[in-house]
Each structure stands twice: as C-alpha cells, then as structure tokens.
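# quick check, what structure comes out for this input:
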Amino acid sequence: MKRLLLPLMVLATMFACTSPETKKAEASGSDPDTGTFSSQNEKSQKVREALEAYMKNDSTKIYEIYVDTVKIYDQMAANQEGGKTKPNPGGRAGFAANERMNHDYFSDIKVTTDNIKTFVFADGRVHTGVWCMWTGKGKFTNKDISAPLHLAFIWEGDKIVSEYRYFDPTVLYAEVAASQKK
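Here you go, the predicted model:
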C-alpha cells in the first residue's frame with residue numbers, strides 16, 4: 001500500500017499543476033474584464049494610420065478620430081494630484097500642437113506599428129493598445145535616440161475620448177534642454 005501512495009501523490013500533484021486555472025466570476029455573475037481582441041479591425045487600423053501620419057508631422061488624423069475634448073494622460077506635464085494623473089490641458093487642439101512640436105526637436109521620427117490590438121470588453125468598453133518603439137534624431141544634440149512607448153486609446157463609438165501614454169521622457173527633456181543652450 002505504501003508503494004502505491006507515493007506514486008498516487010505524484011500523479012495527483014502533476015494533474016493539479018497541468019489543470020487549467022479557472023477564475024471565479026465576479027459577484028454579478030460575469031467578469032467585465034473578459035472579451036475579445038484583434039489587430040485586424042477598423043479601430044486598430046485608424047490608430048495605425050494616426051501613428052503613420054504623426055511620423056510625417058501630419059495632425060489631420062487627430063482631428064478625424066479624436067473628440068474635441070479628448071483627455072491625454074502622461075507624465076510630461078507633472079499633472080499629478082492626489083495620487084492620480086490629471087489630463088493635459090488643451091483637448092484635441094493642444095494635443096495636435098504638442099505632437100507637431102515633437103518635430104521641432106527631432107527629425108526622422110519613427111514609431112513601430114506592428115503591435116496594435118483593439119480590445120472589446122464584455123461590458124462594452126473598447127480600448128486599443130499599442131506597444132512600440134519610438135526613435136528619432138535630436139536636432140540639437142544630433143543623437144539618435146529610442147524609447148519604448150505604450151499607448152492606450154479609449155473609444156466611445158468611432159472617436160477616441162482618452163489616451164494614456166507611458167514612456168520615459170528623459171531623452172525628450174534632454175533635447176529640450178539642449179535647444180535652450182543654442
């Protein structure tokens with residue numbers, strides 16, 4: 001009997017380790033964070049087109065797919081209060097001006113567009129995520145730079161109402177500082 005006990009325990013452990021994990025549904029009976037994702041849909045394509053236009057210093061896509069009152073969240077403006085980031089001021093027009101201003105500091109701006117996914121959550125929310133690399137050449141430092149970049153676009157209907165931007169702004173700050181010395 002002792003000889004059977006050890007192999008049965010090993011077998012039970014192996015089975016437990018290979019069984020798929022199940023997540024209990026929320027108290028409401030469904031998990032709002034489940035859903036589907038795709039890179040081959042209209043919203044992913046619109047984001048790809050906006051990034052391609054940005055690389056050409058063309059802000060027309062911003063005016064096509066963002067609401068006038070879009071809220072852009074990032075660490076650039078030091079807009080933190082109460083442990084949360086406040087949106088940058090200016091809405092769509094301010095955002096478009098900021099995107100064009102990047103070209104005042106950098107040439108040959110490129111953003112990879114091979115990892116764009118739109119998530120449609122079970123509760124109806126729609127977000128598009130971008131994981132990419134931003135590269136450019138500093139106009140004042142003459143340095144080639146790169147920075148990993150993550151963007152999250154929040155949609156309502158066919159328009160983007162919010163965008164979250166995650167990146168290390170150190171290289172941008174350095175280029176702005178160099179521009180002030182000349």
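# from here on, just use CA atoms for contacts and neighbour counts.
Will do.
# which residues are in contact with the residue positioned nearest the centre of the chain?
Nearest residue to the geometric centre of the chain (Cα atoms, centre = their mean): Leu151, 1.7 Å. Applying Cα atoms under 8 Å, 6 or more residues apart in numbering, one finds that Leu151 lies in contact with 129-131, 163-166.
# Ser107 is in contact with Thr135, isn't it?
No. With contact defined as Cα atoms under 8 Å, Ser107 does not reach Thr135; the gap is 9.3 Å.
# spit out the residues that contact the two alike.
Joint contacts of Ser107 and Thr135 (Cα under 8 Å, 6+ apart) do not exist.
# related to what we said a few turns ago, work out for me the element the residue nearest to the centre of the chain sits within.
For Leu151, the host element (DSSP states H and E) is strand 144-156.
# kindly report the same for Lys46.
Per DSSP H and E: helix 42-55 holds Lys46.
# repeat that for Ser179.
Secondary structure (DSSP H and E) places Ser179 in helix 170-181.
# any idea how far that helix is from the middle of the chain?
24 Å (Cα atoms, centre = their mean, to the nearest Å).
# what helices or strands is that helix leaning on?
helix 91-105 (3 or more Cα pairs under 8 Å, 6 or more residues apart in numbering; DSSP states H and E).
# same for the helix it packs on, what does it pack against?
Secondary-structure packing of helix 91-105 (3+ Cα pairs under 8 Å, 6+ apart): helix 60-65, strand 66-73, helix 170-181.
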